[in-house]
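A.B. asks: Here's a sequence, model it:
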Amino acid sequence: MERIHNPYLRIFVHLHGTFGIQLSSIRLNDWHSILTLVINISLNIITYWGIFIDSPASDQIWSESNSKQMYNYLRKANFYAIYPILYFGSIGSYIAYGHRIITGLDSNAFIIVSNCKRNRWKAFFIFMIGLIFWHQRFILRELRYLTKPLFLVQFRTLKLMAGMYLYHATQLTNWYLLFYYQLNTFFTLRQIVKKLWPNKSMLRTNSFSIERRLFRSIILLSEQSRRLQYYFSFIILFILIELSDSIVGNLCFLMIESFGTSIGWFSLYEQSIRWSLLFALVEINRQNLMFFNQIVQHFNRKLSTIQTSDYRIARYSKYNQLKIYQQYYPLSLFNWLNVNVSLLINIFFFSFGYVLIISQTAT
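C.D. replies: Model prediction:
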């Protein structure tokens, strides 16, 4: 695996990069790369087999019936089609673009984090806090099995639990890398804005040379954002589909089968975590767009205040091109659909409409 310089990214890839997600490049002449690929594919097969093929959950889907026929169809469609497609879609995206995502996130276009002992320990603790926070849902849901001795738990149940843990691990990778990308962009843009703000240092030196270096920095960051926006579009697409489907599935489950029970409230708790993370991600992205607009406004002011000489106009005219790079900063699906608060509200009410239809439709 190529050396990763940022400790926050390196800790995550080294400790979490062999849980079924291919985050390193695939080199046929490197036995370590081939071994990592084989381990990840094996874990993907175990996950699929343990959850969707030979598991108690599969038996329960077929054995239980409900007067709400559309709800029964929904459960089977989720279990045998939608969730397997989403899982293998994410896995395929990382096989195709995982190493490119890591290389892009570790680029020197982003703010440099020193590889000191203090930052390595901070990265480790942040990773552990994120790991515990994410898997506490799995622990709470499967607590009845985790508190039993292993010899009292059926082998099929152990396979299901292993598969569910690996499935949750894939989702953790999605969220960690998305937050890392947005937060890294946030700190990089904020640093550029601070350097552009007039201060004594810029007054004592050639402000044009400083602005030219910062302009090159924003161009380099924009080029990386363009590539990363495309790679992450697949991940965001799968997250939004799963978000919409989980709203329908969990709320139907709550209204039809488990209203007022602990399982029903736990389903609402899981939904609140998904929505909180997504709204937090959208808010960080909104801050990034705000910083970028401040940078654009700074260079536009420069253009509007220069003297009308051909030399100065030519010197600053390239700054006028900065606006075209704004399209690479929103959370976006292939630069076609921006993910913002308005979209999330529309997804919720669209999904809730299906919940009402399914919950009120009998056999």
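
A.B. asks: so what pLDDT did Leu337 get?
C.D. replies: Looking at Leu337, its pLDDT reads 86.

A.B. asks: Ok, Leu183 next?
C.D. replies: So, for Leu183, pLDDT stands at 90.

A.B. asks: quick one: contacts for Lys323?
C.D. replies: Taking C-beta atoms under 8 Å, 6 or more residues apart in numbering, we find Lys323 in contact with Val296. For every residue, glycine as well, the C-beta is placed using N, CA and C.

A.B. asks: what about it, distance to Phe215?
C.D. replies: Distance of Lys323 to Phe215, computed by C-beta to C-beta, to the nearest Å: 13 Å.

A.B. asks: cool, Leu268 as well?
C.D. replies: Separation of Leu268 from Phe215 (C-beta to C-beta): 48 Å.

A.B. asks: These two - which one has more neighbours?
C.D. replies: For Leu268 versus Phe215, neighbours defined as other C-beta atoms under 10 Å are more numerous around Phe215 (19 against 11).

A.B. asks: check which helix or strand covers the more buried one.
C.D. replies: Using DSSP states H and E, Phe215 sits within helix 207-256.

A.B. asks: I'd like to know which elements that helix is packed against.
C.D. replies: helix 69-77, helix 83-105, helix 155-196, helix 262-305, strand 332-333, helix 341-359 (3 or more C-beta pairs under 8 Å, 6 or more residues apart in numbering; DSSP states H and E).

A.B. asks: by contact count, what packs against the fourth one?
C.D. replies: Going back to what we said before, that points to helix 262-305. Helix 262-305 packs on helix 117-141, helix 155-196, helix 207-256, helix 310-316, helix 341-359, going by 3+ C-beta pairs under 8 Å, 6+ apart.

A.B. asks: between these, which gets nearest to His16?
C.D. replies: Smallest distance to His16 across those (C-beta to C-beta): 6.6 Å, for helix 155-196.

A.B. asks: and the helices and strands packed on helix 262-305 as a markdown table, adding distance to Asn288?
C.D. replies: Formatted as a markdown table, those follow (distance: least, C-beta to C-beta, whole Å):
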| stretch | distance to Asn288 |
| --- | --- |
| helix 117-141 | 20 |
| helix 155-196 | 5 |
| helix 207-256 | 9 |
| helix 310-316 | 25 |
| helix 341-359 | 15 |
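
A.B. asks: Out of those, which gets the lowest mean score?
C.D. replies: helix 310-316 (a mean of 54).

A.B. asks: isn't Phe124 right up against Ile11?
C.D. replies: Yes: using C-beta atoms under 8 Å, Phe124 is in contact with Ile11, at 5.5 Å.

A.B. asks: Out of these two, name the residue with the larger neighbour count.
C.D. replies: Ile11 (21 against 15).

A.B. asks: host element of that one?
C.D. replies: helix 7-16.

A.B. asks: Next SSE downstream of that helix?
C.D. replies: On the C-terminal side of helix 7-16, the nearest following helix or strand under DSSP H and E is helix 31-48.

A.B. asks: helices or strands up against that following helix?
C.D. replies: Contacts defined by 3+ C-beta pairs under 8 Å, 6+ apart place helix 31-48 against helix 83-105, helix 155-196.

A.B. asks: And the last one, what does it pack against?
C.D. replies: Looking back up the chat, that one is helix 155-196. For helix 155-196, the packing partners by 3+ C-beta pairs under 8 Å, 6+ apart are helix 7-16, helix 31-48, helix 56-63, helix 83-105, helix 117-141, helix 143-146, helix 207-256, helix 262-305.

A.B. asks: Now distance to Leu333 too, for those, in TSV please.
C.D. replies: Formatted as TSV, the helices and strands packed on helix 155-196 follow (distance: least, C-beta to C-beta, whole Å):
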stretch	distance to Leu333
helix 7-16	24
helix 31-48	25
helix 56-63	31
helix 83-105	13
helix 117-141	24
helix 143-146	37
helix 207-256	5
helix 262-305	13
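
A.B. asks: closest to Phe349 out of these?
C.D. replies: Short answer: helix 207-256, nearest of these by C-beta to C-beta, at 9.8 Å.

A.B. asks: quick one, the closest one and helix 341-359 angle?
C.D. replies: 10 degrees (axes from the mean of the first three to the mean of the last three C-alpha atoms, to 10 degrees).

A.B. asks: And for Phe187, the neighbour number?
C.D. replies: 14.

A.B. asks: Please apply the same query to Lys76.
C.D. replies: 12.

A.B. asks: And the pLDDT at it?
C.D. replies: 79.

A.B. asks: and the gap between Phe179 and Asn293?
C.D. replies: Counting by C-beta to C-beta, the gap from Phe179 to Asn293 is 22 Å.
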